[in-house]
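Engineer: Compute the structure for the input listed below.
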Amino acid sequence: MSRKGTLFVVTGPSGAGKGTVLGKVFESTDHLYFSVSATTRAPREGEVDGVHYHFITREQFESLIENDRLLEYAEYVNNYYGTPLAPVEEHLAQGDDVVLEIEIQGARKVKARRPDAALVFIAPPSFEELENRLRGRGTESEETILRRMETARRECAGMEDFEYIVLNDRVEDAACELKSIITAYRCRRENRDFSLN
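Structural biologist: Numbering: from 1, shown residues only. So this is what the prediction gives:
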């Protein structure tokens, strides 16, 4: 059985728990490739270059833009974030499903460029809980938290643009929903390239 992979774009406001939910999904799902984004922001404590992000300079990032080597990119809170194109295309061609965890601006750009991509919005249970999660990180200034909350309200207002909404009230339930979306795509007729004997 051979198939081309599906591109899953997972987005949502900062602090919604996208990474935590995806971690649970990757623990129990085969043939799933996580696309590591590039960013110009500084690493947070515990983040590893090439695992959580490719941490690069602004000059390096702008070179990728100029040479059309990004599937998408966006500027968010004064830093660039973007998806290197080559690894995504390689894994899709090999039949792996590819997951992008990116900002909402980037998600919309991917959908415009790749209409076959599946867009999933991870939503927090409430804005109050979202603010608690951001403060609980202990990594950002008050000004940054307030800016992220303002951005989150705008982003959540655009949820209706997305095909799938996963409410992250309880991580295990959210991961189960996301895994179900991936499984459903794998069962689509066009992804079942086989015949019965």
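
Engineer: which residues sit in contact with the most centrally placed residue in the chain?
Structural biologist: Residue closest to the average C-alpha location in the chain (Cα atoms, centre = their mean): Glu101, at 1.3 Å. The neighbourhood of Glu101, defined by Cβ atoms under 8 Å, 6 or more residues apart in numbering, consists of Val10, Thr11, Lys18, Gly19, Leu22, Phe34, Ser35, Ser37. From N, CA and C alone the C-beta is placed, and that goes for glycine too.

Engineer: at 10 Å what do you get?
Structural biologist: 8-12, 18-19, 21-22, 34-37, 83, 107, 120, 122 (Cβ atoms under 10 Å, 6 or more residues apart in numbering).

Engineer: got it, and Val171?
Structural biologist: Gly17, Thr20, Val21, Gly23, Lys24.

Engineer: What subset of these is buried?
Structural biologist: Gly17, Val21, Lys24 (16 or more other Cβ atoms under 10 Å).

Engineer: Check the offset of stretch 84-96 from the chain's centre.
Structural biologist: Relative to its chain's centre, stretch 84-96 lies at 15 Å (Cα atoms, centre = their mean, to the nearest Å).

Engineer: Could you shift the numbering so residue one becomes 42, and keep it that way?
Structural biologist: Sure thing, new numbering starts at 42, so read that last one as stretch 125-137.

Engineer: how about it as CSV, C-alpha atoms only?
Structural biologist: Extracted C-alpha coordinates of stretch 125-137, given in CSV (Å, rounded to 0.1, in the frame of the first residue of the first chain):
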residue,chain,number,x,y,z
PRO,A,125,11.7,24.9,6.1
LEU,A,126,10.2,23.5,2.8
ALA,A,127,12.5,20.7,1.8
PRO,A,128,12.0,18.3,4.8
VAL,A,129,8.2,18.7,4.5
GLU,A,130,8.1,17.8,0.8
GLU,A,131,10.6,14.8,1.3
HIS,A,132,8.5,13.2,4.1
LEU,A,133,5.2,13.7,2.3
ALA,A,134,6.6,12.0,-0.8
GLN,A,135,7.7,9.1,1.4
GLY,A,136,4.2,8.6,2.7
ASP,A,137,4.7,10.1,6.1
